[in-house]
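J.: coordinates only, sequence not included:
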């Protein structure tokens, strides 16, 4: 999004009760380079290698096949995020192009738009842009050590109208993030609930929002979802407080959103597309619809650094709160972890890794 949109939304947020009503909304926004691309998932499939599909992961170097429910910030020694006290891990499925001959190629990723004097996030060469929104500074509770959650459903194959503003794909209309003038998942001209059914001249962007209410007790639940919830009147849109949290989940938590830019432009020649599809892209889960887009989160901020950022008022950009620390893009690129499943994820594949016995549904 561009400055004008952000500032306009901020002005509305300061005045309207559903946006926090005068508490000066804060939006912490920073990039993270990839720490690894691997076929493991310590949240959904702990201890398993390989798992059923490939993820791209960013954040701290404590990422592993299994991650204990403890203070991850004490286990990691570096992070790929610009916020140098954020040792959390964030991960999503990868996107693949399916060619006319049925083979698959991983879609490369790009950096993010230049905003808020933030060069780091334009240079990530992939990775994820992370947003933490405090729609009511001073009344939003940061996540606790050991906290983790999952947003989305990898098996979803039909549009869920309740999630239309939470999980989407933006079809850029031209180079340099063309058409990027509206809030995520709220511009019907460019935002799609599933993968766009046309060639996007400037590429495709994923946006995934997480729930904003917590039960205040459980750091996780068996399905990684039941300990969190949406406001009683439905999911909050970007920068919005939304309605009241349900009585079962009374604690307001930051609005976490992940953003991924996919450089699909090199695959826009329709003569190379399969004849039987409206669009040639498929998630690494085997999902050609995009409705199964999902993301995982394991909290790992050091001390009270995230709480201080969420308590700051009217802050927009890569640094919020007293003593917020950032690092250089060079230090971020130096932070990596080794692949646990040794595969060349950038080669052409006859079948998607992990789905050799199944075709996209």
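T.: Yes, it's here. Just so we're clear, the structure is a prediction, and the values are computed from it rather than from any experiment. Residues are numbered from 1 along each chain as shown.
J.: what about the residue most central in space within the chain, helix or strand, and which?
T.: Nearest to the mean C-alpha position of the chain, counting by CA atoms, centre = their mean, stands residue 258 at 2.2 Å. Per DSSP states H and E, residue 258 falls inside strand 255-262.
J.: helix or strand right after that strand?
T.: strand 281-283.
J.: from the middle of its chain, how far away would that following strand be?
T.: Here strand 281-283 is found 17 Å from its chain centre; the criterion is CA atoms, centre = their mean, to the nearest Å.
J.: just stretch 208-228 next, same as before
T.: That offset, for stretch 208-228, works out to 16 Å (CA atoms, centre = their mean).
J.: For that stretch, buried residues please.
T.: Buried residues in stretch 208-228, counted by 16 or more other CB atoms under 10 Å: 208-215, 219-220, 224-225, 227-228. Backbone N, C-alpha and C define where each C-beta goes, glycine included.
J.: now do stretch 267-275
T.: 267, 273.
J.: Just the pLDDT for the residue nearest to residue 260 when sequence neighbours are not counted.
T.: Leaving aside its chain neighbours, residue 260 sits nearest to residue 206 (4.3 Å; criterion: CB to CB, 6 or more residues apart in numbering). On pLDDT, residue 206 comes in at 97.
J.: Make 41 the first number, not 1, from now on.
T.: Will do, 41 is the new start, and the previous item becomes residue 246.
J.: Could you give the bridge partners of residue 246?
T.: Beta-bridge partners of residue 246, counted by DSSP bridges, are residue 209, residue 300.
J.: ok, back up a step: which outside residues touch the strand holding residue 298?
T.: With contact meaning CB atoms under 8 Å, 6 or more residues apart in numbering, strand 295-302 is reached by 96, 130, 132, 135, 147-152, 168-175, 224, 243-250, 252, 276, 278-280, 321, 335, 337.
J.: Please narrow these to those residing in strands.
T.: 96, 130, 132, 135, 168-174, 244-249, 321, 335, 337 (DSSP state E).
J.: Buried members of these into PyMOL, please.
T.: Buried residues within the ones in strands among the contacts of strand 295-302, by 16+ other CB under 10 Å, are selected in PyMOL with:
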select buried, resi 96+130+132+135+168+169+170+171+172+173+174+244+245+246+247+248+249+321+335+337
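J.: show me where the stretch 91-240 of the chain has strands.
T.: With strands called from DSSP state E, counting those that start in this stretch, the stretch 91-240 of the chain shows them at 95-99, 129-133, 135-138, 144-146, 168-174, 188-192, 207-211, 231-232.
J.: of all those strands, which lies closest to residue 362?
T.: strand 168-174 (14.4 Å; CB to CB).
J.: What strands line up against the closest one, and which way round?
T.: strand 66-72 (antiparallel), strand 295-302 (antiparallel).
J.: Quick one: mean pLDDT for it?
T.: pLDDT averaged over strand 168-174 gives 98.
J.: That one vs strand 334-338, what angle?
T.: Put simply, strand 168-174 runs at 70 degrees to strand 334-338, going by axes from the mean of the first three to the mean of the last three CA atoms, to 10 degrees.
J.: show me what contacts the closest residue in space to residue 116 that isn't next to it in sequence?
T.: Counting by CB to CB, 6+ apart, residue 116 lies nearest to residue 100, which is 3.3 Å off, once chain neighbours are set aside. Going by CB under 8 Å, 6+ apart, residue 100 touches 75, 112-113, 115-116, 118-121, 126-129, 340, 375.
J.: just residue 335 next, same as before
T.: Here residue 335 is in contact with 130-132, 190-192, 248, 250, 298 (CB under 8 Å, 6+ apart).
J.: what's the model's confidence in stretch 140-149, averaged?
T.: 96.
J.: quick one: terminal-to-terminal distance for that stretch?
T.: 22 Å (CA to CA, to the nearest Å).
J.: Could you list the buried residues of that stretch?
T.: Within stretch 140-149, the residues scored as buried using 16+ other CB under 10 Å are 144, 146-149.
J.: Ok, stretch 348-363 next?
T.: 348-353, 355-361.
J.: Among those, which has the minimum pLDDT value?
T.: residue 361 (91).
J.: wait, it sits on residue 344?
T.: No - contact between residue 361 and residue 344 fails when scored by CB atoms under 8 Å: they sit 9.3 Å apart.
J.: shared neighbours of those two, anything?
T.: Joint contacts of residue 361 and residue 344 (CB under 8 Å, 6+ apart) do not exist.
J.: re the thing from before, export the contacts of residue 335 as JSON lines, with columns for distance to residue 305.
T.: Below are those laid out as JSON lines (distance: CB to CB, whole Å):
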{"residue": "130", "distance to residue 305": "25"}
{"residue": "131", "distance to residue 305": "24"}
{"residue": "132", "distance to residue 305": "20"}
{"residue": "190", "distance to residue 305": "30"}
{"residue": "191", "distance to residue 305": "27"}
{"residue": "192", "distance to residue 305": "25"}
{"residue": "248", "distance to residue 305": "22"}
{"residue": "250", "distance to residue 305": "29"}
{"residue": "298", "distance to residue 305": "22"}
